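Visitor: For reference, the sequence and a predicted model appear below.
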Amino acid sequence: MKILLLGKGGQVGWELQRSLAVAGEVVAMDHDDGADFTQPEALLARVRAIAPQVIVNAAAHTAVDKAESEPALARRINAATPALVAIEAKRMGALLVHYSTDYVFDGSGSHARDEEAPIGPLSIYGTTKAEGEDAIRASGCQHLILRTSWVYGARGGNFAKTMLRLAAEREQLKVIADQIGAPTGADLLADLTVHMLRAARVNPALTGTYHAVAGGATSWHEYARFVIEFARARGANVKVAPDQILALPTSDYPTPAKRPLNSRLATAKLQQRFGLVLPPWQQGVQRMLEEIL
């Protein structure tokens, strides 16, 4: 099986290079290799030349605040070009794996939304990711769309690394406490992807849209406390005191893009259909911290 991986340089793409290797021949590309989502004609030419059985698209415009000032670029990368890739996947009979986000929802309430919940994006990023989802479904190609949230990886920057850096520099931190979600490791997403695509290739009835996040939920404030206390217990340089990690409401930290307050995603569909167990978010974060500390 030939697998084309687009967006190999991102956190999820980096992990996918590892996980997909067990499933077949992987051709991994980024914008420097001709997989530039702002140049769809050249990208499609590469897709046709490679002729994969599976296309995994880990490329996206993920600069949430910046997207507010460049909506056309965000739409091209997150919606218009993925739509063309989906049409090409349909023509070739290839399975398309695509990643989406909790930002397609409006973040109201306190319940975990399932895949059938109505969307209501609050930002350009969320809107363009929702448009990308719709275009892939409309193409008629076999697809797996994985909605996820709060993605981190040991490679590159992430929230935990930022908190550790600030905790070593400052005596007090203020962290948002009213946004709730599930920190989800890029490695977990990559491992889910290879399991799901192999199963869906055998049984096309398994294709569709799924919520793919780690188990449980937390706030950014509690996430920060978990990270810093774990680091403190491991003897890392932590200057901030436990009682000086202060809770901050979103209203005190305005940003160009509005964030959903409730990013809880229900994962029963994924777990039941694929026979998988999604580990608690703490397990993945702890593993990542052990790697970087």
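Guide: Arrived safely.
Visitor: who touches residue 44 in this structure?
Guide: Contact analysis of residue 44 by C-beta atoms under 8 Å, 6 or more residues apart in numbering lists 84-85, 88. Heads up, the C-betas are built off the backbone N, CA and C, glycines and all.
Visitor: actually residue 73, sorry about that
Guide: Remark: with contacts taken as C-beta under 8 Å, 6+ apart, residue 73 is in contact with 38, 61, 67.
Visitor: By neighbours, which of these wins?
Guide: Of the contacts of residue 73, residue 67 is surrounded by the most neighbours, 24 neighbours in total, counting by other C-beta atoms under 10 Å.
Visitor: can I assume it is in contact with residue 257?
Guide: Yes: if you go by C-beta atoms under 8 Å, residue 67 and residue 257 touch, sitting 6.6 Å apart.
Visitor: In helices only, show me the contacts of residue 73.
Guide: Taking DSSP state H, the ones among the contacts of residue 73 that sit in helices are residue 67.
Visitor: these two touch, right, residue 293 and residue 231?
Guide: Yes: under the criterion of C-beta under 8 Å, residue 293 is in contact with residue 231, at a separation of 6.1 Å.
Visitor: Quickly list what's touching both of the two.
Guide: Overlap between the neighbourhoods of residue 293 and residue 231 consists of residue 164, taking contacts as C-beta under 8 Å, 6+ apart.
Visitor: Comparing those two, which shows the higher neighbour count?
Guide: Legend: neighbour count by other C-beta under 10 Å for residue 293 and residue 231, higher for residue 231 (20 against 12).
Visitor: Report the contact partners of that one.
Guide: Applying C-beta under 8 Å, 6+ apart, one finds that residue 231 lies in contact with 164, 167, 238, 289, 293.
Visitor: Of these, which belong to helices?
Guide: Counting by DSSP H, those place 164, 167, 289 in helices.
Visitor: Correct me if wrong: the second one contacts residue 173.
Guide: Yep, that's residue 167 we're talking about. Yes: under the contact definition of C-beta under 8 Å, residue 167 touches residue 173, with a separation of 6.6 Å.
Visitor: who touches both of the two?
Guide: With C-beta under 8 Å, 6+ apart, residue 167 and residue 173 have common neighbours residue 240.
Visitor: Which one of the two is surrounded by more residues?
Guide: Each of residue 167 and residue 173 had its neighbours counted (other C-beta under 10 Å), and the higher figure belongs to residue 167 (25 against 20).
Visitor: Pull the contacting residues for that one.
Guide: Residue 167 sits next to 173, 228, 231, 238-240 when contact means C-beta under 8 Å, 6+ apart.
Visitor: what two of those are the furthest from one another?
Guide: Taking C-beta to C-beta, the two most distant members of the contacts of residue 167 are 173 and 231; they sit 12.8 Å apart.
Visitor: For residue 111, see how far away residue 156 is.
Guide: 32 Å (C-beta to C-beta, to the nearest Å).
Visitor: Report the mean confidence score over stretch 180-198.
Guide: The predicted model gives stretch 180-198 an average pLDDT of 98.
Visitor: let's have the chain start at 8 instead
Guide: Got it, first residue is 8 now, which makes that one stretch 187-205.
Visitor: Just the CA trace of it, in PDB.
Guide: Coordinates of each C-alpha in stretch 187-205 appear next as PDB, following Å, rounded to 0.1, in the frame of the first residue of the first chain:
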ATOM      1  CA  ILE A 187     -12.100  23.200  29.000                       C
ATOM      2  CA  GLY A 188     -10.700  20.500  26.600                       C
ATOM      3  CA  ALA A 189      -8.500  17.400  26.400                       C
ATOM      4  CA  PRO A 190      -4.800  17.800  25.700                       C
ATOM      5  CA  THR A 191      -4.100  15.300  23.000                       C
ATOM      6  CA  GLY A 192      -0.700  14.000  22.000                       C
ATOM      7  CA  ALA A 193       0.400  14.100  18.300                       C
ATOM      8  CA  ASP A 194       1.800  10.600  18.900                       C
ATOM      9  CA  LEU A 195      -1.700   9.400  20.000                       C
ATOM     10  CA  LEU A 196      -3.300  10.900  16.900                       C
ATOM     11  CA  ALA A 197      -0.700   9.300  14.700                       C
ATOM     12  CA  ASP A 198      -1.200   5.800  16.300                       C
ATOM     13  CA  LEU A 199      -5.000   6.200  16.000                       C
ATOM     14  CA  THR A 200      -4.600   7.100  12.300                       C
ATOM     15  CA  VAL A 201      -2.700   4.100  11.300                       C
ATOM     16  CA  HIS A 202      -5.100   1.700  13.100                       C
ATOM     17  CA  MET A 203      -8.200   3.400  11.700                       C
ATOM     18  CA  LEU A 204      -7.000   3.700   8.100                       C
ATOM     19  CA  ARG A 205      -6.000   0.000   8.000                       C
END
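Visitor: Good, we can wrap up now.
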